[in-house]
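S.K.: Dropping the sequence and predicted coords here.
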Amino acid sequence: MGNRINLREMKEQGAKTQEKKQVAQKKGQGVKKKAIRKAKVKGAGAKGAVRRRSYAIRTKPRFYRPHTLRLRRSPKYQRNTASINPVKRPLDKFSILLHPLSTEKAMGKMENENTLVYIVSQRSTKPQIREAFREVHKVEPRKVNTLVRSDGKKKAYIRLGPDAEALNLANKIGLI
């Protein structure tokens with residue numbers, strides 16, 4: 001039982017060591033500063049001092065790029081934004097219907113199915129095509145089908161009602 005230390009004795013020893021540390025701290029503050037300065041001067045002159053670099057221990061196989069500083073743009077000159085963001089003008093009846101097609105297939109559609117074929121604006125919709133056709137030719141279309149060709153142009157098949165004849169309208173336009 002000689003090895004065991006009483007709990008009270010341990011507390012007393014801890015209190016004494018704390019007091020000693022505080023006294024030494026007060027006395028040694030000036031001494032420490034001088035020692036640190038000397039060590040810095042000595043370390044700066046010593047060429048053989050090798051420092052160990054600490055590395056982050058990676059525990060995952062995936063590397064996540066750290067978030068770096070993102071600065072705001074400060075351009076040296078103003079770019080021409082007209083080519084980048086062109087102003088979208090509203091479509092009118094003449095910019096929707098570009099021109100009629102007069103291919104063999106289109107002529108066959110005119111004769112057999114009472115349908116006119118037009119190249120229209122890429123941005124136009126079926127209701128817009130219907131309205132533009134009604135305003136330009138004064139004829140009510142029955143149905144409008146559209147497709148985008150491989151060259152990027154939009155083609156509209158405009159089927160006319162039974163009251164209008166596609167061949168007469170094509171002749172009036174000057175297509176035939």
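M.R.: On my side now, so go ahead.
S.K.: which regions of this protein lie under the pLDDT threshold?
M.R.: 1-16, 20, 23-32, 40-49, 82-84 (pLDDT under 70).
S.K.: Do a quick rundown of the strands in it.
M.R.: Counting by DSSP state E, the chain has strands at residues 97-100, 115-120, 141-148, 154-160.
S.K.: Tabulate those (TSV), appending mean neighbour count and distance to residue 88.
M.R.: Backbone N, C-alpha and C define where each C-beta goes, glycine included. What follows is the strands of the chain, written out as TSV (neighbours: other C-beta atoms under 10 Å; distance: least, C-beta to C-beta, whole Å):
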stretch	mean neighbour count	distance to residue 88
strand 97-100	16	17
strand 115-120	22	16
strand 141-148	14	18
strand 154-160	20	16
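S.K.: quick one, which of those is nearest to residue 33?
M.R.: Smallest distance to residue 33 across those (C-beta to C-beta): 80.6 Å, for strand 141-148.
S.K.: Indicate which one of the strands of the chain is closest to residue 126.
M.R.: When these are compared by C-beta to C-beta, strand 141-148 sits nearest residue 126, at 4.6 Å.
S.K.: how much does that closest one deviate in direction from strand 115-120?
M.R.: Going by axes from the mean of the first three to the mean of the last three C-alpha atoms, to 10 degrees, strand 141-148 is angled at 50 degrees with respect to strand 115-120.
S.K.: what does stretch 164-176 rub up against?
M.R.: Contact with stretch 164-176 is made by 100, 102, 109-111, 114-116, 137, 139-140, 160, as judged by C-beta atoms under 8 Å, 6 or more residues apart in numbering.
S.K.: any chance of those residues in JSON lines, plus distance to residue 71?
M.R.: Formatted as JSON lines, the contacts of stretch 164-176 follow (distance: C-beta to C-beta, whole Å):
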{"residue": "100", "distance to residue 71": "55"}
{"residue": "102", "distance to residue 71": "58"}
{"residue": "109", "distance to residue 71": "59"}
{"residue": "110", "distance to residue 71": "62"}
{"residue": "111", "distance to residue 71": "66"}
{"residue": "114", "distance to residue 71": "64"}
{"residue": "115", "distance to residue 71": "59"}
{"residue": "116", "distance to residue 71": "57"}
{"residue": "137", "distance to residue 71": "58"}
{"residue": "139", "distance to residue 71": "60"}
{"residue": "140", "distance to residue 71": "60"}
{"residue": "160", "distance to residue 71": "61"}
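S.K.: Quick one: neighbours of residue 171, just the number.
M.R.: Residue 171 is flanked by 11 other residues according to other C-beta atoms under 10 Å.
S.K.: cool, and residue 21?
M.R.: Close neighbours of residue 21, defined as other C-beta under 10 Å, add up to 10.
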